[in-house]
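S.K.: below are the sequence and a predicted model for it; my questions follow.
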Amino acid sequence: MAVIETQNLRKDYGRLAALKGVSLAVERGQVYGLLGQNGAGKTTLIKILLGITRPTGGGAKLLGEPAGRVEVRRRVGYLPEDHQFPGYHTGYSLLDFSAAMYGVPRADRRRLIPEMLSLVRIASATHKKIKGYSKGMKQRLGIAQAILHNPEVIFLDEPTDGVDPVGRREIRELMTRLREKGHTVFLNSHLLGEVEQVCDRVAILRDGELVREGTVADLTERKGRYELRLAPGEVLPEAGVRELGFEVAKAGDGWQVTLPAGATVDPVVRLLAAAGLRLRHLVERRASLEDVFMAVAAGEGKAGAGR
Ligand SMILES: Nc1ncnc2c1ncn2[C@@H]1O[C@H](COP(=O)(O)OP(=O)(O)OP(=O)(O)O)[C@@H](O)[C@H]1O
Ligand SMILES: [Mg+2]
């Protein structure tokens with residue numbers, strides 16, 4: 001069942017179209033990554049799902065209900081991108097306040113808050129005022145605030161922003177654990193390596209349009225591009241390979257061979273064998289999520305084209 005669903009979602013801010021008809025669905029138990037350059041519309045989409053902003057057109061559903069329903073809001077956690085928690089709160093008092101708003105009973109709060117603060121590794125700052133927290137500490141507290149009431153769906157807008165590398169890994173592991181427990185995590189992030197590691201599916205927005213959507217494996221699949229190396233000192237007969245209809249480029253201490261659509265790499269292997277050359281390395285190259293993202297940023301891909 002889709003726990004998050006948008007249908008042709010549109011948001012105009014005056015004359016600016018922030019979302020131009022975005023349709024996506026997130027299944028329960030997924031970690032879903034929404035990517036896109038600054039201003040692509042990621043935060044706007046989250047805000048509509050949470051009922052903070054109203055859409056101009058189209059529909060958005062959260063846990064089967066139209067976005068913005070108050071009853072649904074309790075079953076959802078949210079880490080906003082520019083959260084400014086009141087500095088006079090301590091970590092403890094902020095979580096106590098926030099969990100009370102979500103209806104967590106007092107006895108549960110007493111038990112859960114220290115657990116949460118340890119989970120995000122700021123237990124030593126439990127009774128320190130937030131105005132004395134570092135950026136990463138505030139971010140960790142924000143994450144604790146987003147998951148304390150055991151929400152079914154958790155929206156994290158740039159959760160690792162300002163967090164050190166150790167903390168970033170901890171947050172990644174936390175997301176994986178949340179998924180294992182059946183929570184759904186919806187993530188906005190610019191850290192593509194991280195997204196690649198943790199997300200089941202990703203969507204890429206460009207100027208308010210969804211230009212790519214799929215599993216990380218689908219998006220990074222790039223058929224027909226091979227890395228090839230020969231025994232030391234041997235040289236690829238580039239002209240011969242080109243005559244077979246393949247593209248060739250030198251790459252490091254080897255070559256990159258690109259196949260025409262529908263072809264296999266076998267003719268290249270036969271050519272090398274016939275020439276008495278010794279093949280030492282031949283692998284199909286995957287694109288990184290960063291490669292995919294850069295291609296999208298450069299203008300590749302059309303709305304609705306899938307990939
Ligand atoms: N309240 C608002 N009033 C007017 N324009 C807005 C408002 N909020 C967002 N926008 C515009 O909508 C577009 C999308 O903004 P949004 O914050 O959703 O981008 P984003 O993808 O989250 O970017 P970032 O990666 O920088 O966080 C931008 O052009 C932004 O200027
Ligand atoms: Mg944003």
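M.R.: Nice, I can see it. Ligands and ions are numbered 1, 2, ... in the order given.
S.K.: buried stuff in stretch 196-212?
M.R.: 196, 198-206, 208-212 (16 or more other Cβ atoms under 10 Å). Backbone N, C-alpha and C define where each C-beta goes, glycine included.
S.K.: which stretches in the protein count as strands?
M.R.: Secondary structure of the chain by DSSP state E: the strands cover 2-13, 16-27, 31-36, 57-62, 65-66, 76-79, 153-157, 184-188, 201-206, 209-215, 225-230, 247-251, 254-258, 279-284.
S.K.: hang on, His89 packs against Ile130?
M.R.: Yes. Checked against Cβ atoms under 8 Å, the pair His89 and Ile130 is within contact range at 5.2 Å.
S.K.: so what's the closest residue to Cys199 other than its chain neighbours up against?
M.R.: Setting aside the residues directly before and after it, Cys199 is nearest to Gly33 in space (Cβ to Cβ, 6 or more residues apart in numbering), at 3.8 Å. Listed by Cβ atoms under 8 Å, 6 or more residues apart in numbering, the contact set of Gly33 reads Leu187, Asn188, Ser189, Val195, Val198, Cys199, Arg201, Val202, Ala203.
S.K.: for the closest residue in space to the last one that isn't next to it in sequence, the count of nearby residues, please.
M.R.: Closest residue in space to Ala203, ignoring its immediate chain neighbours: Glu213 at 4.5 Å, by Cβ to Cβ, 6+ apart. Per other Cβ atoms under 10 Å, the neighbour tally for Glu213 reads 22.
S.K.: Glu213 and ligand 1, how far apart?
M.R.: Using Cβ to the nearest ligand atom, to the nearest Å, Glu213 is found at 16 Å from ligand 1.
S.K.: let me know the pLDDT of that residue.
M.R.: Here the pLDDT value assigned to Glu213 is 95.
S.K.: and Leu191, by the same measure?
M.R.: For Leu191, the pLDDT comes out at 90.
S.K.: hang on, it packs against Pro159?
M.R.: No. Contact status for Leu191 versus Pro159: not in contact, 9.6 Å apart, counting by Cβ under 8 Å.
S.K.: looking at the two now, which is surrounded by more residues?
M.R.: Each of Leu191 and Pro159 has its neighbours counted (other Cβ under 10 Å); Pro159 has more, 27 against 18.
S.K.: just checking, the more buried one touches Gly77?
M.R.: No. Counting by Cβ under 8 Å, no contact exists between Pro159 and Gly77, whose distance comes to 11.2 Å.
S.K.: who in the stretch 51-200 of the chain is up against ligand 2?
M.R.: Residues of the stretch 51-200 of the chain lying near ligand 2 by Cβ under 5 Å from the ion: Glu81.
S.K.: all the helices of the stretch 51-200 of the chain, in order from the start?
M.R.: Here the stretch 51-200 of the chain has its helices, by DSSP state H, counting those that start in this stretch, at 70-73, 91-101, 106-119, 135-147, 165-180, 192-198.
S.K.: between the contacts of Gly33, which sits nearest ligand 2?
M.R.: Asn188 (5.9 Å; Cβ to the ion).
S.K.: per-residue pLDDT, the residue nearest to the spatial centre of the chain?
M.R.: The centre of the chain sits closest to Gly33, judged by Cα atoms, centre = their mean, with a distance of 2.7 Å. pLDDT recorded at Gly33 is 97.
S.K.: where does the chain dip in pLDDT?
M.R.: Counting by pLDDT under 70, the chain shows low-confidence ranges at 301-307.
S.K.: domain-wise, how is it divided?
M.R.: Domain assignment for the chain, taken from automatic domain parsing, gives 2-219, 223-284.
S.K.: quick check: end-to-end length of the last one?
M.R.: Its start and end residues considered, domain 223-284 measures 7 Å (Cα to Cα, to the nearest Å).
S.K.: count the residues that sit near the residue nearest to Gly87 when sequence neighbours are not counted.
M.R.: In space, and not counting its chain neighbours, Gly87 is closest to Lys131: 3.1 Å by Cβ to Cβ, 6+ apart. Look at Lys131: counted by other Cβ under 10 Å, it has 12 neighbours.
S.K.: likewise Ala273?
M.R.: Count around Ala273 with other Cβ under 10 Å applied: 11.
S.K.: now swap in Ser93 and tell me
M.R.: Using other Cβ under 10 Å, Ser93 has 16 neighbouring residues.
S.K.: cool, and Phe155?
M.R.: If we define neighbours as other Cβ under 10 Å, then Phe155 has 26 of them.
S.K.: and it, how far from Glu115?
M.R.: Look at Phe155 and Glu115: by Cβ to Cβ, to the nearest Å, they are 22 Å apart.
S.K.: equivalent analysis for Glu227, please.
M.R.: 48 Å.
S.K.: again, but for Val198
M.R.: Taking Cβ to Cβ, one finds Val198 at 23 Å from Glu115.
S.K.: Arg201 now?
M.R.: 30 Å.
S.K.: same question for Glu209.
M.R.: Glu209 sits 42 Å away from Glu115, going by Cβ to Cβ.
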